[in-house]
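based on what follows, work out the 3D shape:
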Amino acid sequence: MFSHQKLQAHLLALIGERHPSSSPEKLQKTERYLSEQFSLLCLNVETHAFEAFGSTYRNVIGTLRGKREAPPLIVAAHYDTVEGSPGADDNASGLVVLLDAARRVADATLERSVRFIAFCLEEQNLLGSLAYAAHLRATGQEILGAIVLECVGYARDEEGFQQIPPGLRVPVPTVGNFLAVVGNVHSADLTTTIERVAKPYLPVASLVVPGNGELVPDTRRSDHAAFWHYGYPAVMLTDTANFRNPHYHQPTDALGTLDLDFMTSVADAVTAAVLRLTGSQRAS
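All right, here's what the predicted structure looks like:
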């Protein structure tokens, strides 16, 4: 299958420990790879630099321009890992879905722009996305919203693999084959739209949390929380990470554990959401 081949090629290039202190060369190689892939899609490529730990790190941005001036849509995933993990699900899976969605919409005529962003240092307290969201607020930029891809490659059809985050008071499917869509109240409309658009492609469970998710801290564990912090609408799309995947943050988070059919369905859903939210009905 063509889609599987594209996903697997990206995964083979990306999987491997990508940590700022234990594997900085791989982290930098990943940054270059993402820039090259955005360039191959003829996106407008730039980086957003920020300082951390006495060094400079970069978020990689590929923009597809829309026909009119309007707040852009952001689709994002982080490209670093924790130390000691090759980071297949966390978060090569998110990067690959991001790249595949970008490929599919690259020849579409969009009413508004979309920025595909790979954030650095998510695993270091969201430093990359916090720096970027702070930059947006400081420069007075508005966005339509942000779709953040966080661990979107692991699915199981057996009972018993799906766990429930502490403090969650709403029903959760007991089989771990769904995509979770998590937003806050400020992002409720975005959450509803993405849930509706995604449902034809795979099982979906959505959650809207009050405030910025303070009552359920596990809903804040990715770059969408940086946008919430600065008052921007954002949603996280996730396979629920450690609440389903036993390889989360482990040396075993490897290619062979990923479900490419599930990832393809997530890419289908993300592509459809991008086209809906940017006002286009056409994709490659």
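
per-residue confidence at the spatially most central residue of the chain?
Nearest to the geometric centre of the chain sits L149, at 1.8 Å (CA atoms, centre = their mean). At L149, the pLDDT value in this model is 99.

what does it show for phi and psi?
phi -100, psi 120 (degrees, to the nearest 10).

that one bridge partners, please.
Going by DSSP bridges, L149 is paired in beta bridges with A77, L237.

any weak-confidence spans in the chain?
1-2, 281-284 (pLDDT under 70).

all the strands of it, residue numbers only.
44-52, 55-64, 73-78, 114-119, 145-150, 179-184, 204-209, 234-238 (DSSP state E).

need those strands in TSV (columns: distance to P251).
Where you see a C-beta, it was placed from the backbone N, CA and C, and this is true even at glycine. Compiled in TSV, these are given as follows (distance: least, CB to CB, whole Å):
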stretch	distance to P251
strand 44-52	25
strand 55-64	24
strand 73-78	19
strand 114-119	23
strand 145-150	20
strand 179-184	25
strand 204-209	29
strand 234-238	21
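
out of the ones you listed, flag the one nearest F227.
Across the strands of the chain, F227 has its closest neighbour in strand 234-238 (3.6 Å, CB to CB).

next, the angle strand 179-184 makes with the closest one.
160 degrees (axes from the mean of the first three to the mean of the last three CA atoms, to 10 degrees).

T238 contacts S222, correct?
Yes. Counting by CB atoms under 8 Å, a contact exists between T238 and S222, whose distance comes to 7.2 Å.

now for the two: what residues contact both?
E150 (CB atoms under 8 Å, 6 or more residues apart in numbering).

follow-up on the earlier one: residues contacting the residue nearest to the centre of the chain?
By CB under 8 Å, 6+ apart, the residues touching L149 are 75-77, 91, 93-95, 97-98, 237-238, 266, 270.

quick check, nearest of these to P20?
N91 (14.9 Å).

residues in contact with that closest one?
Under the criterion of CB under 8 Å, 6+ apart, the neighbours of N91 are A77, H78, Y79, T81, E122, L149, E150, C151.

try 7 Å
N91 sits next to A77, H78, E150, C151 when contact means CB atoms under 7 Å, 6 or more residues apart in numbering.

how about the first one, what does it touch?
Contact criterion CB under 7 Å, 6+ apart gives N91, G94, L95, L98, A118, V148, L149 as the residues in contact with A77.

again, 6 Å this time
N91, G94, L95, L98, L149 (CB atoms under 6 Å, 6 or more residues apart in numbering).

test my guess that Y248 contacts N242.
Yes. At 4.0 Å, Y248 counts as touching N242 under the criterion of CB atoms under 6 Å.

who has more neighbours, these two?
The neighbour comparison of Y248 against N242 (other CB atoms under 10 Å) goes to Y248, with 19 against 16.

list the contacts of that one.
So Y248 contacts A241, N242 (CB under 6 Å, 6+ apart).

what distance do you get for it to Q124?
17 Å (CB to CB, to the nearest Å).

swap in Y230?
18 Å.

what do you get for E195?
From E195 to Q124 the distance is 30 Å (CB to CB).

ok, the closest residue to Y57 other than its chain neighbours to I61 distance?
Leaving aside its sequence neighbours, Y57 sits nearest to C120 (CB to CB, 6 or more residues apart in numbering; 4.6 Å). Remark: distance between C120 and I61 (CB to CB) = 12 Å.

residues contacting the longest helix seen in the chain, please?
The helix spanning the most residues in the chain, taking DSSP state H as the definition, is helix 260-278. The contact list for helix 260-278 (CB under 6 Å, 6+ apart) reads 3-4, 7, 73, 93, 97, 100-101, 104-105, 110, 112, 114, 152-153, 155, 179, 194, 197-198, 201-202, 283.

can you give me the helices for the stretch 101-250 of the chain?
Using DSSP state H, counting those that start in this stretch, the helices of the stretch 101-250 of the chain run over residues 127-138, 188-198, 224-229.

buried deepest among the ones you listed, which one?
helix 224-229 (a mean of 26; mean count of other CB atoms under 10 Å).

elements contacting that helix?
Helix 224-229 sits against helix 127-138, strand 234-238, with contacts defined as 3 or more CB pairs under 6 Å, 6 or more residues apart in numbering; DSSP states H and E.

closest to D253 out of those?
strand 234-238 (14.5 Å).

so which bits of the closest one are buried?
A234, V235, M236, L237, T238 (16 or more other CB atoms under 10 Å).
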